[in-house]
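S.K.: Show me the folded form of this:
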Amino acid sequence: MLPTVADVLALDTVRRGDPRVVAGTDRLDSRVRWVHVGEVTDIAHLLRGGELVLTTGIALPDDPVRLTEYIAELVAVGASGLIVELGRKFIGELPRAVVAAAEERGLPLITLARETPFVQITESVHARIIDVQLEELRASEQLHEVFTQLSVEGASPAKVLGQVARLSGHPALLENLTHQVLACETAGRDPGTLLAGWESRSRTVSPGARTAYDAASGWLVTMVGARGQDWGRLILLCDAEPGPRDIVLAERAATTLALSRLLERHQESLERRAHGTIITGILTHAYADPEEAAARARAVGVPLTGRNLVSAVLRLTEPADGPLNGQEQLARLGELADAAAAACREARLPALIGALDQNRVGLLLPLPPRVPAESALTSLSEKLSAAFTTPFVLAAGSVVESVRDVRRSFLEAEQVADVAVGQPDGRAFYRLPDLRLRGLLHLLRDDARLQTFAERELGPLLAHDAQRGGDLAGILRVYLDAGRNKAVAAQRAHLSRPAFYDRLRRLERVLDTDLDDVESCLSLHVALLALESIRRDDPRP
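M.R.: Down below sits the predicted model:
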């Protein structure tokens, strides 16, 4: 990491000049990118920002106005500080106009009481800067090898964070845009302590830069995303200010996580294509022409042409005695697929049936035009329930008329199944209208745009609750659930009406909105439901 102005003042070559800070003492943590010696007044156009300017002041004007302009130009170009050697132009002290201008604009201004060879200062500072750059280069080369290998392997977020924790010695966490932890490597620390009150703590840490260290929390934070779409943050919990290697490590790991997420879907498509099944071929567009898919299906006795196509997904519900292990899950899922095939045969429903992944079985039912989808799905569910005793849910997508639209229907059925398996109510089958708005929000729960919407609508309120230990978000939910009936909401919240009305006024101030406005309340209600979908544990085992 580049040295600060304070670091430069601590160098022996500078200390021999008896330095004294006369302005900008609160900005000595400014980073010094380079040291520039200049004895001209119009030096600003020669700078790029981050320079520490050294001068004897011999060419500076006497006019206070022009001296003020000189300081203003240095600040405008982003200079990190100004060191003036006394004795040639200015004897004993600097003009008040210079000091006042630097103090007003926050520019560190230092005087040297003794003659000091500027070349010694530039050599020592530049040597340190170059050492930092070399250290960053070496760290970058080493980490490039490590994370390139992880990218090639398609490493999971847990494995990436494991490497980050091992190389840095710090706990590493990956969170989404709503501050929910997606993966965590504790580096030997107690997970309960590490994650306690995580969302509230995380909301208070919001560095301005893409990668930045927050000294108050001790967190090194870098954004994670690709193609201009950020979807999370990688956080290193540091004991002290991180060095260049930690910064490079965090940024390289964030890049690997973003790349892995992009490649994950592609890798999944390749696996499905390798399976060679017709259903996965349709989902991954493995066939250049939909007619090819229809021909392959017809060859196995399942006609798709001229039929209404219904996509369905079967998912096992979690047993009462706890989740199954991986092998048990795969075995039970195979049994479910076999039972579904037998049920289709018994119901005289030709169908394509195959495992979509380790959690779901997919079905594609081609129905004659006069056969209602509801009756076919009900019959299938009844026969399957009779033959397969393990609890499951059957979710169906929209009815489509073309193989081209099957993928959309399957995606809908998959998402409906994901919602239904978390809260089954005994229906024969589930469709998107059964889930209503909650279903739609669940479909979009991993979309960064929905997370951004929820944060935009509720972020100030959630941050307020996190900082003050309140529950205004709960009050808002009670108010909206009561149909904006304040009397009913106050009763449900177990508060007196004056106390409840006071909380509503505080809500309006925090959210800067009018709770009597129907559209504003609708937007807030949707945001609350979206937040529930995002926070809800993924029902997939």
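
S.K.: can you give me the helices for the stretch 401-541 of the chain?
M.R.: 406-420, 432-443, 448-468, 472-481, 486-492, 497-511, 518-535 (DSSP state H, counting those that start in this stretch).

S.K.: typo on my end, it should be the stretch 201-350 of the chain
M.R.: Ranges of helices in the stretch 201-350 of the chain, per DSSP H, counting those that start in this stretch, are 244-275, 278-283, 290-299, 326-346.

S.K.: re the thing from before, for the helices of the stretch 401-541 of the chain, which one sits closest to residue 97?
M.R.: Set against residue 97 and scored by Cβ to Cβ, the helices of the stretch 401-541 of the chain come closest in helix 448-468, at 42.5 Å. All C-beta spots, glycine's among them, are computed from the backbone N, C-alpha and C.

S.K.: Any stretches of the stretch 51-200 of the chain with poor pLDDT?
M.R.: Across the stretch 51-200 of the chain, the ranges flagged by pLDDT under 70 are 139.

S.K.: Just give the number of residues close to the closest residue to residue 177 other than its chain neighbours.
M.R.: In space, and not counting its chain neighbours, residue 177 is closest to residue 451: 3.9 Å by Cβ to Cβ, 6 or more residues apart in numbering. Residue 451 has 23 neighbours, counted by other Cβ atoms under 10 Å.

S.K.: Residue 451 touches residue 180, doesn't it?
M.R.: No - counting by Cβ atoms under 8 Å, residue 451 stays clear of residue 180, with 9.2 Å between them.

S.K.: shared neighbours of these two, anything?
M.R.: residue 534 (Cβ atoms under 8 Å, 6 or more residues apart in numbering).

S.K.: among the helices of the stretch 401-541 of the chain, which gets the worst mean confidence?
M.R.: Comparing mean pLDDT across the helices of the stretch 401-541 of the chain, the lowest value falls on helix 432-443: a mean of 77.

S.K.: Which residues belonging to that one are considered buried?
M.R.: In terms of neighbour count (16 or more other Cβ atoms under 10 Å), helix 432-443 has its buried residues at 432, 434-435, 438-443.

S.K.: Reformat the residues you listed as TSV; add distance to residue 236.
M.R.: As requested, these are exported to TSV (distance: Cβ to Cβ, whole Å):
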residue	distance to residue 236
432	41
434	44
435	39
438	36
439	37
440	36
441	32
442	32
443	33
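
S.K.: In those, find the pair that's most separated.
M.R.: It's 434 and 441 that sit farthest apart of the buried residues of helix 432-443, by Cβ to Cβ, at 14.3 Å.

S.K.: list the contacts for the residue lying closest to residue 450 once chain neighbours are set aside?
M.R.: Nearest residue to residue 450, sequence neighbours excluded (Cβ to Cβ, 6+ apart): residue 444, at 4.4 Å. Residue 444 makes contacts with 450, 530, 533, as judged by Cβ under 8 Å, 6+ apart.

S.K.: Before we move on, what's the pLDDT of residue 444?
M.R.: Reading off the confidence values, residue 444 has pLDDT 82.

S.K.: ditto for residue 21
M.R.: 94.

S.K.: so which strand or helix has it?
M.R.: According to DSSP states H and E, residue 21 maps onto strand 19-23.

S.K.: longest helix in this structure, by residue count?
M.R.: Looking across the chain with DSSP state H, the single longest helix is helix 118-153.

S.K.: Okay, helices next: where are they in the stretch 51-200 of the chain?
M.R.: Along the stretch 51-200 of the chain, the segments classed as helices by DSSP H, counting those that start in this stretch run 64-77, 96-105, 118-153, 157-168, 191-195, 198-203.

S.K.: buried ones in the last one?
M.R.: In this case it means helix 198-203. Across helix 198-203, burial judged by 16+ other Cβ under 10 Å covers 198-199, 202-203.

S.K.: from the residues you listed, which is closest to residue 221?
M.R.: Of all the buried residues of helix 198-203, residue 202 has the smallest distance to residue 221: 9.1 Å, by Cβ to Cβ.

S.K.: ok, the residue nearest to residue 246 when sequence neighbours are not counted to residue 237 distance?
M.R.: Leaving aside its chain neighbours, residue 246 sits nearest to residue 168 (5.5 Å; criterion: Cβ to Cβ, 6+ apart). Using Cβ to Cβ, to the nearest Å, one obtains 10 Å as the distance from residue 168 to residue 237.

S.K.: These two: which is more packed in?
M.R.: A direct count of neighbours by other Cβ under 10 Å for residue 168 and residue 237 places residue 168 higher, at 22 against 18.

S.K.: domain ranges for this structure?
M.R.: Structural domains assigned to the chain are 5-116, 143-267, 276-433, 448-535, following automatic domain parsing.

S.K.: Take those domains and write them to a markdown table, including distance to residue 134.
M.R.: Listed next are the domains of the chain as a markdown table, based on distance: least, Cβ to Cβ, whole Å:
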| stretch | distance to residue 134 |
| --- | --- |
| domain 5-116 | 15 |
| domain 143-267 | 10 |
| domain 276-433 | 47 |
| domain 448-535 | 37 |
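
S.K.: Looking at the ones you listed, which is nearest to residue 127?
M.R.: With Cβ to Cβ as the yardstick, what comes closest out of the domains of the chain is domain 5-116 (10.0 Å).

S.K.: Endpoint to endpoint, the closest one covers what distance?
M.R.: Length of domain 5-116, first residue to last, Cα to Cα, to the nearest Å: 17 Å.

S.K.: by how many degrees do the longest helix of the chain and helix 157-168 diverge?
M.R.: Put simply, helix 118-153 runs at 150 degrees to helix 157-168, going by axes from the mean of the first three to the mean of the last three Cα atoms, to 10 degrees.

S.K.: which helices and strands does helix 118-153 pack with?
M.R.: In this structure, helix 118-153 packs against helix 5-9, helix 12-15, strand 34-37, strand 51-55, helix 157-168, helix 244-275, with contacts taken as 3 or more Cβ pairs under 8 Å, 6 or more residues apart in numbering; DSSP states H and E.

S.K.: Show the subsequent helix or strand relative to the one helix or strand residue 361 maps to.
M.R.: Assessed by DSSP H and E, residue 361 sits inside strand 360-367. Downstream of strand 360-367, the first helix or strand assigned by DSSP H and E is helix 373-387.
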